[in-house]
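1. I'd like to go over a predicted model; first the sequence, then the structure.
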Protein chains: 2
Amino acid sequence: MADETKPTNPTGEPGAEQGEGSISKKAAKKAEAKAKKEALKAQRAAERIAVAGGGSSAEPAEDPSKDSYGRANAIFPPGLSTDVEVVHLRDLGEAHVDKTVIVRAWLQNRRMQGAKMAFVELREEGNWSIQGVVIANVPGGEAKEGDRPAAPVISRPMVKWVGAINPESFVAVEALVKKPLEPVKSCTVKGFELHINKCYVLAPAPAALGMTLAAANRPITNFSDEEPKPAEESEKAAAAAPESKGPEAAIPAASMLTHLDNIVMHKRAPIQQAIADIRVEVKHLFRSYLRDRGFKEFEPPCLIGAASEGGANVFRLPYFGQEAFLAQSPQFYKQFEIAGGRKRVFSIGPVFRAENSNTPRHMTEFTGLDMEMEIQKDYKEVLHMLEGVLLHIFRGIKEHCAAEVALIRSVYPSEELLLPEPGKEVRLTFAEAQKLLREEGPPEFRDVKDDEDMSTPQEKAVGALVREKFKTDFYVIDKFPDAARPFYAKVDPDSKPGGPQVTNAFDFFLRGQEILSGGQRINDPDELEARIRAKGIDPSSAGIKEYVDVFRQAGVPPHGGGGIGLDRIIAWYLALPSVHLAAYYPRTPKRLLP
Amino acid sequence: MADETKPTNPTGEPGAEQGEGSISKKAAKKAEAKAKKEALKAQRAAERIAVAGGGSSAEPAEDPSKDSYGRANAIFPPGLSTDVEVVHLRDLGEAHVDKTVIVRAWLQNRRMQGAKMAFVELREEGNWSIQGVVIANVPGGEAKEGDRPAAPVISRPMVKWVGAINPESFVAVEALVKKPLEPVKSCTVKGFELHINKCYVLAPAPAALGMTLAAANRPITNFSDEEPKPAEESEKAAAAAPESKGPEAAIPAASMLTHLDNIVMHKRAPIQQAIADIRVEVKHLFRSYLRDRGFKEFEPPCLIGAASEGGANVFRLPYFGQEAFLAQSPQFYKQFEIAGGRKRVFSIGPVFRAENSNTPRHMTEFTGLDMEMEIQKDYKEVLHMLEGVLLHIFRGIKEHCAAEVALIRSVYPSEELLLPEPGKEVRLTFAEAQKLLREEGPPEFRDVKDDEDMSTPQEKAVGALVREKFKTDFYVIDKFPDAARPFYAKVDPDSKPGGPQVTNAFDFFLRGQEILSGGQRINDPDELEARIRAKGIDPSSAGIKEYVDVFRQAGVPPHGGGGIGLDRIIAWYLALPSVHLAAYYPRTPKRLLP
């Protein structure tokens, strides 16, 4: 049975009077207009109480609605009606009007309106929120029994109790669905409100949240991995402080560390819910596009027996008397899948980099989207497939996640991403991109060479030039020079002997930042071994030998593929200030919690 | 340009005369009948050659078809016609008959039929195979030029060369699609054959494969992790030895270690392709079922800051001066997702166990299918959701993967899985299962107690009893005793004080083996802390403290979930002798390669 208690306030804790403040987006200049509205609201509230017929200032000796509210450590408190529909806010519709429903949600805000009425805002998954009102109707309810036979008794102590529930407590309410007098601006459900007659706190929030929802929804500017210095401690306090009722601009932003220390509120913030929803959608778009084209998903291992891709930045661990490594990419394994008889494969999974880079661009664990495919006629089949899946993702976000993107842009403003018209995709060769830089780029890039890799500033400059010339933020640079690619990249057989050796390998860019590397791989073991030697690597070293041997085991068809960082494409599509915001639990050299 | 050579045999290696043998399923007693058929085949072959009009024993001085075959280290050898359709065997249909097509595939078998004709078997992804034939038509072709103007010239050296290609080389052929005189029994494409007029080896296999395809397709019985003793070395040799043309029963089986040392051939075997296809489908069925019901996919981290679930069997690694651990399950993180505002989540990803168990049931890295959801009225919502997704998976395998299951059963025989009729799912309480064991089980289980966990032999005995009584191999045991569950399991609030404490937690079983653990979790931090103490764990220890704190950050709704081992449900559904066969790259305490 439910462990029920009836505390004097909803959590039994003293001083639960901390307010959450309005979370509606209103600028400072609107404060005056707001004050006028508050006055209007107060007037309306008085009218409501009159309609409910209730609540003289004389409270009855025993609370007649004592079973209709309280703390209940239960799934379904016995006070709730078992024959009433439990509805999700996203499903609420005209058919529910004037019907009683049960809603289970977080109470994100509440305020008393006099002694007889309390307003609440309830929030459910993502950003679904609705206004609720609880209005005292005793004494007086009994006298009017004939008029409103089904009206449950709502006492002033109940109203007071509901009006003091700590924000972010999880509640179950039973309520009549009504149409509000005018659309509710502060909630996403604008056309309905809940006239609450039962309210139970199933899981209380603390009186003082570590970070309020409003603070959690503010843009983060401090992504430092360092613990804040004493001078910065005030920021932490500010994030948790009771907020004024002033405009939202006054709500202080918290650092990423404060967000991670308050992971529950970080995740509950509508901004993070929206980013997470886009992340879910990106994975789905990637997977469904490839699946529809005959790609089969597989799982490469994380634990591997050799630091296969060079040995730098690899995590090592003791493994039953041996040493194991954490995979830096599924590169070798997706090639093994092709060698092992799969025509087209993809994987979505964790990859690890033991790189001590404390920047908003880096994480030690991230999610890789990888694919590999047989090539039939030309390695550009791979390029086109990857271009296709990325455009599908970008167009899919725009189409399916417009509300989420708008919400994110309201916190982290960014320009609409420019995408190429179908058939007008921009594909430059590396040499063409360097020529563009030399001829039209900033003066410092006047001498860039066709056989040297691009620096990050060069990449950004090319991005700006491409945006200006071709009106797209998404483009491909193909035919990278030999020196800029790993040993498994296939040298273009048409490379002029004597001229710079280029590869059938490419990078994809978004807003001037690399989001994908791919290309044709060498499938002939002798050619592969020669390239490994040419790169100064010993072909008999651990991991490398086993890799080359796979191509000697049986004939491996020509193939190619590419890899995308999931966190990065989300962060850069949305122009987020850090890739950490796109991850569920960002891992950095200094941080493994939560 | 393609690096073409024209060796005297297709790989330039001496002695490429090793045969692959027939891979059709024929029992020993059919050997005689086969001999007769061979004679018939020889006769038919002679007729074919006559029809082709070619091939006297006098070879021309220069090979007139020298550009129609050879080794080509290229994606698309210049000898192939650019205007001819490249077809996949699965797409081959009536519309292709009498048309020229290009097929890119592995040559899995070939044999000369006299000096003028060679038969080949080509295989593409999974188990799609087709018969091809190449027939010399010069001299004689020129004489009959008027009759067959488009007939490409096929010389005897070309036929001889094709007939000597090493099995498992990757080839591209240009061929006329024809209907065979009778269905081709040894191939999956029975209604068409390819009359090859161009053939290029794009990637040669070695003359001696480490393991032949036929050996790779035999059942594995030796799953020992130990390197074979000298006496067992003969097995390795046998796996690679040229096979007799006798019935398949004579082909020796290889050990799992030999399979892993020959990962390419292991994976190419139709049995492994079929298992991998089922694995792909199981993931898809799990994901699509939950997605359709509002579950959102998320990625829990692998790298974690504390050995959160007890510290036993956890991998540790140095992490920038700290220590990191590899997650043993996404348990805490899926609960964090619920705390963080997601209603229903699931994850598919790697989990790690540093358990030194060298058995066919264990791996150090495996794929977990996990879900967690808010509970609205009763924890059985979780049980029913998990039961629903598993039945969806099992019925889905039967419906969508019938051919794969049949192929697997031809190698690893197993009985059809008995599933409950809809509405007749078997759900026993732990106490009921123990009672069944006491009353109807083997005599050694006459005294099993309701408050002690089941042993593996007990579980198997219950499985046998349930199968007999309820005609199902899939069932649930609910209400496990407190002592048998981890600290986060919710004690049934209806547990009689004084009687044994039971939890709202359950296991699912398949063929008497546990495949899933799940249940309601504690969502109240004080209750959780008390249970942690009662289990003898310090609630302030690393990892535990952070876990409990999450429930103090804000009100967490009642929730529950469960976790499934992907590898295990595949292995046990198919009654495979080892879970290692269900994994792509099984990780064991002794093996991290490939």
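-> Alright, I've got the coordinates.
2. Outline the domain layout of chain A.
-> Structural domains assigned to chain A are A:69-203, A:213-268, A:272-582, following automatic domain parsing.
3. per-stretch mean pLDDT over those domains, give me the minimum one.
-> Looking at the domains of chain A, the lowest mean pLDDT belongs to domain A:213-268 (a mean of 77).
4. Between its first and last residues, what's the separation in it?
-> 7 Å (C-alpha to C-alpha, to the nearest Å).
5. what do you get for stretch A:414-431?
-> From start residue to end residue, stretch A:414-431 stretches across 31 Å - C-alpha to C-alpha.
6. Pull out the buried positions in that stretch.
-> Using 16 or more other C-beta atoms under 10 Å in any protein chain shown as the test for burial, stretch A:414-431 gives A:417, A:419-420, A:425-431. C-beta coordinates here come from the backbone N, C-alpha and C atoms, glycine included.
7. and the gap between the residue nearest to A:Gly561 when sequence neighbours are not counted and chain B?
-> Residue nearest to A:Gly561 in three dimensions, not counting chain neighbours: A:Glu372, with 3.3 Å by C-beta to C-beta, 6 or more residues apart in numbering or on different chains. Applying C-beta to the nearest C-beta, to the nearest Å, the value for A:Glu372 to chain B is 13 Å.
8. Give me the neighbour count for A:Glu372.
-> Neighbour count of A:Glu372, defined by other C-beta atoms under 10 Å in any protein chain shown: 28.
9. helices and strands around the helix or strand encompassing it, which ones?
-> Counting by DSSP states H and E, the element that carries A:Glu372 is strand A:365-374. Under the contact criterion of 3 or more C-beta pairs under 8 Å, 6 or more residues apart in numbering or on different chains; DSSP states H and E, strand A:365-374 touches helix A:270-292, helix A:331-339, strand A:344-352, helix A:380-400, strand A:559-565, helix A:566-573.
10. Try it again at 7 Å.
-> Other helices and strands packing on strand A:365-374, by 3 or more C-beta pairs under 7 Å, 6 or more residues apart in numbering or on different chains; DSSP states H and E, are helix A:331-339, strand A:344-352, strand A:559-565, helix A:566-573.
11. Same list, those, but as TSV with mean neighbour count please.
-> Putting the helices and strands packed on strand A:365-374 into TSV (neighbours: other C-beta atoms under 10 Å in any protein chain shown) gives the following:
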stretch	mean neighbour count
helix A:331-339	24
strand A:344-352	23
strand A:559-565	25
helix A:566-573	24
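12. Save the ones you listed as a markdown table, and put in distance to A:Gln458 too.
-> Shown next, in a markdown table, are the helices and strands packed on strand A:365-374 (distance: least, C-beta to C-beta, whole Å):
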| stretch | distance to A:Gln458 |
| --- | --- |
| helix A:331-339 | 25 |
| strand A:344-352 | 26 |
| strand A:559-565 | 20 |
| helix A:566-573 | 17 |
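13. Tell me what angle the strand holding A:Glu372 forms with helix A:331-339.
-> For strand A:365-374 against helix A:331-339, the angle by axes from the mean of the first three to the mean of the last three C-alpha atoms, to 10 degrees is 30 degrees.
14. got the contact list for strand A:365-374?
-> A:286, A:290, A:295, A:329-330, A:334-335, A:337-338, A:343-352, A:382, A:385, A:557-567, A:583, A:587, B:299, B:301-303 (C-beta atoms under 7 Å, 6 or more residues apart in numbering or on different chains).
15. Near chain B, which residues of the stretch 451-594 of chain A? Just list them.
-> Residues of the stretch 451-594 of chain A lying close to chain B (C-beta under 7 Å from any C-beta of the partner chain) are A:493-494, A:523-524, A:546, A:550, A:552-558, A:584-585, A:587, A:589, A:592-594.
16. what about the closest residue to A:Met112 other than its chain neighbours, neighbour count?
-> Closest residue to A:Met112 apart from its sequence neighbours, by C-beta to C-beta, 6+ apart: A:Gly163 at 4.1 Å. Applying other C-beta under 10 Å, we find 20 residues neighbouring A:Gly163.
17. With A:Pro318 instead?
-> A:Pro318: 13 neighbours (other C-beta under 10 Å).
18. Over to A:Glu125?
-> Counted with other C-beta under 10 Å, A:Glu125 comes out at 20.
19. separation between it and A:His88?
-> 8 Å (C-beta to C-beta, to the nearest Å).
20. A:Ala461 now?
-> When A:Ala461 is compared with A:His88 (using C-beta to C-beta), they lie 49 Å apart.
21. Looking only at neighbour counts, state which of those two leads.
-> Legend: neighbour count by other C-beta under 10 Å for A:Ala461 and A:His88, higher for A:Ala461 (22 against 16).
22. Mind listing residues that contact whatever helix or strand the more buried one lives in?
-> Here A:Ala461 is covered by helix A:456-470, with elements defined by DSSP H and E. Helix A:456-470 is contacted by residues A:418, A:426, A:433, A:436-437, A:440-442, A:445, A:448, A:472-473, A:475, A:509, A:511-514 when judged by C-beta under 7 Å, 6+ apart.
23. Mind doing that once more with 10 Å?
-> A:361, A:415, A:418, A:420, A:424-426, A:428, A:432-434, A:436-437, A:439-442, A:444-445, A:448, A:452-455, A:472-475, A:477, A:507, A:509-514 (C-beta atoms under 10 Å, 6 or more residues apart in numbering or on different chains).
24. Show me the helices in the stretch 201-350 of chain A, by range?
-> A:213-216, A:233-240, A:256-261, A:263-268, A:270-292, A:331-339 (DSSP state H, counting those that start in this stretch).
25. The fifth one: which residues count as buried?
-> Judged by neighbour count (16+ other C-beta under 10 Å), helix A:270-292 contains these buried residues: A:270-287, A:289-290.
26. Identify the residue nearest A:Pro301 in space, chain neighbours excluded?
-> Going by C-beta to C-beta, 6+ apart, A:Pro301 has B:Tyr585 as its nearest residue, at 4.6 Å.
27. Filter the buried residues of helix A:270-292 to keep only those in contact with chain B.
-> A:270, A:272-273, A:276-277, A:279-281, A:283-284, A:287 (C-beta under 10 Å from any C-beta of the partner chain).
28. I figured A:Pro481 hits A:Thr503, correct?
-> Yes - under the criterion of C-beta atoms under 10 Å, A:Pro481 makes contact with A:Thr503 at 7.3 Å.
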